[in-house]
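Peer 1: no letters, just coordinates:
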């Protein structure tokens, strides 16, 4: 239902008379407060209509408005020739254009809780401004909570000229009178008993908007619920069934054992596997020799009651050499002899038997593996380089010790000077690095014992046991490098 003309109840009309008196004779910022739906907009609209002798500017403040927008809407209604800058505060603009203002001006801002605080400050100044006999009054409407927050931000010592006027709730008689006024204007007679209407109105808070809502409910009844789409439920059920089917299929397919495809090794892969296996056996052989020898000596001491100090000392445990050697496994090169190893790798290492510590018989000595380096190809063929090494006179054996690897020739000379021109010291070239080698040994045990002597004699760290076949790509030098800078 739409009402063609507005009307005010007795309590609202009394408040309107007070507002008219303040506008005509007061010098304060008037703020009309009340809850949403209490009739603030209706009262302000009636106030503008009653003040016919005053030029009014009525603005309903939108949400998220800025200061320039509000200034523009106010000044356009007050000034006959709107030539102004909306970025300048309103008091400054009106002082400059005072001659264009009417004798009395009234500014009304509804829903002022959407205003920036900058506009609130300008309205306070305008309510106290004197423009050569011209009066400007300002009336705002907002909620009581927002007005309290604005006043709390003002200085405490200043007496701010703000006059709050509260819209009081309607009494039971006014609520019932408003209900039946609306009923008479609707020209309809809803079947609602009077006692039920009176009971429902008594439960309300006294807001005119609540009375209007009750009247519309009595006139039109409960709003019909929006019908749901008929195809929505079947579509959801079908989608759920499809999802369940897909999940079930995935679970069943995951539970079925997947056939394991057997991979056939190629010839190159078989050879590489055999080479790696043989290299691992040769690499770990010194360690197991050491452990077996240690166990045998423990058995001898236990069974014969021999003083352990009188037993010949064992060579150092080759764990450090093994750890170093494992880092150089990527430099192994397959040769023609690797193919022979791949054909029968298991025949190169014999099986060892270790006597228990509880046995009364001394442990038998380990038989050296048949793959002793004497049967390996002569490394001199691989060490031949552009330096012109005579491989016919350089018959290398199986193992050597690596003492150091440096890049600078100065560092190399310092290392060579430390060994006082030991004839067993050799120098090889590996790309951009100088490699210092020591000795040429038939077995790894002999090499490890010599390494212990070097540690005790020169105070160096444990040398790195290297096999000549593993460093075949090094360039063995004919003579030690001179001290001259290349």
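Peer 2: Received the coordinates, thanks. Here the structure is a predicted model, which is why all the values come from computation and not from measurement. Residues are numbered from 1 along each chain as shown.

Peer 1: which residues are in contact with the closest residue to residue 167 other than its chain neighbours?
Peer 2: Spatially, and ignoring its direct neighbours in sequence, residue 167 is nearest to residue 34 (3.4 Å; Cβ to Cβ, 6 or more residues apart in numbering). C-beta coordinates here come from the backbone N, C-alpha and C atoms, glycine included. Counting by Cβ atoms under 8 Å, 6 or more residues apart in numbering, residue 34 touches 40, 141, 143, 144, 166, 167.

Peer 1: repeat for residue 107
Peer 2: 56, 57, 59, 74, 78, 123, 126, 136, 137, 138, 139.

Peer 1: which of these sits closest to residue 12?
Peer 2: Residue 12 lies nearest to residue 139 out of the contacts of residue 107, by Cβ to Cβ, at 15.2 Å.

Peer 1: can you give me the strands for the stretch 351-486 of the chain?
Peer 2: 399-406, 425-430, 433-441, 464-467, 475-476 (DSSP state E, counting those that start in this stretch).

Peer 1: pLDDT at the residue nearest to residue 167, what is it?
Peer 2: Residue 34 is assigned a pLDDT of 90 by the prediction.

Peer 1: distance of it from residue 84?
Peer 2: Distance, residue 34 to residue 84, using Cβ to Cβ, to the nearest Å: 33 Å.

Peer 1: then residue 238?
Peer 2: Residue 238 is 66 Å from residue 84, where distance means Cβ to Cβ.

Peer 1: which one's the longest helix in this structure?
Peer 2: helix 267-304 (DSSP state H).

Peer 1: check which helices and strands that helix is in contact with.
Peer 2: helix 319-326, helix 336-343, helix 444-458 (3 or more Cβ pairs under 8 Å, 6 or more residues apart in numbering; DSSP states H and E).

Peer 1: quick one, it and helix 444-458 angle?
Peer 2: 70 degrees (axes from the mean of the first three to the mean of the last three Cα atoms, to 10 degrees).

Peer 1: average model confidence for helix 267-304?
Peer 2: Per-residue pLDDT over helix 267-304 has a mean of 77.

Peer 1: give me the buried positions along it.
Peer 2: 271-272, 274-275, 277-279, 281-283, 285-286, 289-290, 292-293, 296-297, 299 (16 or more other Cβ atoms under 10 Å).

Peer 1: next: stretch 148-162.
Peer 2: 150, 162.

Peer 1: which outside residues touch it?
Peer 2: Counting by Cβ under 8 Å, 6+ apart, 27, 28, 29, 31, 117, 120, 124, 127, 128, 147 sit against stretch 148-162.

Peer 1: before we move on, the earlier item: columns distance to residue 449 and mean neighbour count on top of the strands of the stretch 351-486 of the chain, output as a markdown table?
Peer 2: Formatted as a markdown table, these follow (distance: least, Cβ to Cβ, whole Å; neighbours: other Cβ atoms under 10 Å):
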| stretch | distance to residue 449 | mean neighbour count |
| --- | --- | --- |
| strand 399-406 | 11 | 20 |
| strand 425-430 | 18 | 18 |
| strand 433-441 | 9 | 20 |
| strand 464-467 | 11 | 21 |
| strand 475-476 | 24 | 20 |
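
Peer 1: what's the closest of the ones you listed to residue 45?
Peer 2: So among the strands of the stretch 351-486 of the chain, strand 433-441 is nearest, using Cβ to Cβ, at 97.0 Å.

Peer 1: list the helices and strands that closest one packs on?
Peer 2: Against strand 433-441 (3+ Cβ pairs under 8 Å, 6+ apart) you get strand 399-406, helix 409-418, strand 425-430, helix 444-458.

Peer 1: what about the most centrally placed residue in the chain, which helix or strand?
Peer 2: In the chain, the residue lying closest to the centroid (Cα atoms, centre = their mean) is residue 247, at 31.6 Å. Assigned by DSSP states H and E, residue 247 falls within helix 232-255.

Peer 1: next one: residue 11
Peer 2: Using DSSP H and E, the element containing residue 11 is helix 10-25.

Peer 1: could you look up the SS state of residue 137?
Peer 2: strand (DSSP: H, G, I helix; E, B strand; the rest coil).

Peer 1: and it, how many residues sit next to it?
Peer 2: If you count neighbours by other Cβ atoms under 10 Å, residue 137 ends up with 23.

Peer 1: identify the residues contacting it.
Peer 2: Counting by Cβ under 8 Å, 6+ apart, residue 137 has contacts 22, 23, 26, 30, 54, 104, 105, 106, 107, 127.

Peer 1: make TSV out of those residues and add distance to residue 92 and pLDDT.
Peer 2: Output for the contacts of residue 137, formatted as TSV (distance: Cβ to Cβ, whole Å; pLDDT from 0 to 100):
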residue	distance to residue 92	pLDDT
22	25	89
23	24	88
26	23	83
30	23	93
54	23	88
104	21	88
105	16	89
106	20	92
107	16	93
127	16	87
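
Peer 1: shaky segments in the stretch 251-400 of the chain?
Peer 2: Along the stretch 251-400 of the chain, segments meeting pLDDT under 70 span 253-265, 300-395.

Peer 1: let's see it at 90
Peer 2: 251-399 (pLDDT under 90).

Peer 1: returning to that earlier point: and of the contacts of residue 137, the nearest to residue 90?
Peer 2: residue 107 (8.7 Å).

Peer 1: can you give the domain ranges for this structure?
Peer 2: 10-166, 172-220, 267-371, 375-476 (automatic domain parsing).

Peer 1: any chance of those in a markdown table with distance to residue 230 as columns?
Peer 2: Shown next, in a markdown table, are the domains of the chain (distance: least, Cβ to Cβ, whole Å):
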| stretch | distance to residue 230 |
| --- | --- |
| domain 10-166 | 39 |
| domain 172-220 | 26 |
| domain 267-371 | 67 |
| domain 375-476 | 81 |
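
Peer 1: who wins for proximity to residue 232 among the ones you listed?
Peer 2: domain 172-220 (27.9 Å).

Peer 1: what's the end-to-end length of the closest one?
Peer 2: Length of domain 172-220, first residue to last, Cα to Cα, to the nearest Å: 23 Å.

Peer 1: next: stretch 112-120.
Peer 2: 8 Å.

Peer 1: what mean pLDDT does it have?
Peer 2: Computed over stretch 112-120, the average pLDDT equals 93.

Peer 1: residue 205 reaches residue 171, doesn't it?
Peer 2: No - with contacts defined as Cβ atoms under 8 Å, residue 205 does not count as touching residue 171, sitting 11.8 Å away.

Peer 1: confirm for me that residue 9 is in contact with residue 170.
Peer 2: Yes - shown here, residue 9 and residue 170 form a contact pair, counting by Cβ under 8 Å, at 6.6 Å.

Peer 1: where's residue 64, which helix or strand?
Peer 2: Going by DSSP H and E, residue 64 is not part of any helix or strand.

Peer 1: okay, now it: neighbour count?
Peer 2: 6.

Peer 1: equivalent analysis for residue 31, please.
Peer 2: 24.

Peer 1: can you verify my assumption that it contacts residue 146?
Peer 2: No - with contacts counted by Cβ under 8 Å, residue 31 stays clear of residue 146, the gap being 9.6 Å.
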